[in-house]
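K.L.:
Give me coordinates for this.
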Amino acid sequence: MGQYYYLVPQLPYLVFGQTPPMSPEAFRELAMPLMDEQDAALLDLLGVGLKPPPGDAPSCGSDFIDKWREWERILRLNLVKHRAAKLKREAPAAEPPVLPSGAVSAAVKAVQESPLEGEITIDKARWSAIDTLLEGSGGFDRNAVFAYMLKLIILNRQALFQTERGFSEYKSLYASILEKSGKLSAGESK
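P.N.:
Coordinates of the predicted model:
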């Protein structure tokens, strides 16, 4: 496991909600030449919202990444369970483990009020999970690099949210659904 005393200290500090200082791709280009080959290859396994491997997937060679992927898998299973209950559909047969700190219930509540707020709440829970997984790490090891990459991915994802455009798309989609279901009369405006 590499120590990256040159790479980690030169990275800009990241704060949730800030404008990302670089893209994940730019970070990868910066980091890869400074990392050992095995650690650099693990950068490709990092992401948020990706379909995680099944619970019994073999280790990738990094405890940090394995724990992150398991956390993300549990998050997604819990979201499926809560969404199925809300839609009065059958939930998955197996009861998913519950995430600590009520991350899912807070996200589900926020999604019910606003999809954007739900996504932000989920990303805050992810950010917090990354910090928790990083506890006890040496600070300059590969886990710090992996955590930085994940946080950059979250910040770049957040930067893509466009509230006004999203709301406009939502209204348009909702109106078309109502029209197709016959609930919007010809005389009503969108």
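
K.L.:
Tell me how many other residues crowd residue 3.
P.N.:
Applying other CB atoms under 10 Å, we find 13 other residues in the vicinity of residue 3. For glycine as for every other residue, the C-beta is placed from the backbone atoms N, C-alpha and C.

K.L.:
That one contacts residue 141, correct?
P.N.:
Yes: shown here, residue 3 and residue 141 form a contact pair, counting by CB atoms under 8 Å, at 5.7 Å.

K.L.:
what's the overlap in contacts for the two?
P.N.:
Counting by CB atoms under 8 Å, 6 or more residues apart in numbering, residue 3 and residue 141 have no common neighbour.

K.L.:
now the residue nearest to the spatial centre of the chain: how far from residue 90?
P.N.:
Taking CA atoms, centre = their mean as the criterion, residue 48 is the residue nearest the geometric centre of the chain, at 3.5 Å. The spacing between residue 48 and residue 90, counted by CB to CB, to the nearest Å, is 27 Å.

K.L.:
ok, now residue 175?
P.N.:
Applying CB to CB, one obtains 30 Å for the distance of residue 175 from residue 90.

K.L.:
from what I can see the residue nearest to the centre of the chain touches residue 157, true?
P.N.:
Yes: proximity of residue 48 to residue 157 meets the contact threshold set by CB under 8 Å, at 6.6 Å.

K.L.:
Name the residues contacting each of these two.
P.N.:
The contact lists of residue 48 and residue 157 share residue 123, where a contact means CB under 8 Å, 6+ apart.

K.L.:
need the longest helix for the chain.
P.N.:
The helix spanning the most residues in the chain, taking DSSP state H as the definition, is helix 63-86.

K.L.:
Can I get that one in CSV? Just the C-alpha atoms.
P.N.:
What follows is helix 63-86, C-alpha atoms only, in CSV (Å, rounded to 0.1, in the frame of the first residue of the first chain):
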residue,chain,number,x,y,z
ASP,A,63,-10.5,-2.4,2.2
PHE,A,64,-11.6,1.2,1.7
ILE,A,65,-13.1,0.5,-1.8
ASP,A,66,-14.7,-2.7,-0.7
LYS,A,67,-16.3,-1.0,2.3
TRP,A,68,-17.4,1.9,0.0
ARG,A,69,-19.0,-0.4,-2.5
GLU,A,70,-20.8,-2.3,0.3
TRP,A,71,-22.0,1.0,1.8
GLU,A,72,-23.3,2.1,-1.7
ARG,A,73,-24.9,-1.3,-2.2
ILE,A,74,-26.8,-1.1,1.1
LEU,A,75,-27.8,2.5,0.3
ARG,A,76,-29.3,1.4,-3.0
LEU,A,77,-31.1,-1.6,-1.5
ASN,A,78,-32.7,0.6,1.2
LEU,A,79,-33.8,3.1,-1.4
VAL,A,80,-35.4,0.4,-3.4
LYS,A,81,-37.2,-0.9,-0.3
HIS,A,82,-38.5,2.6,0.6
ARG,A,83,-39.5,3.4,-2.9
ALA,A,84,-41.3,0.1,-3.3
ALA,A,85,-43.2,0.7,-0.1
LYS,A,86,-44.2,4.2,-1.3
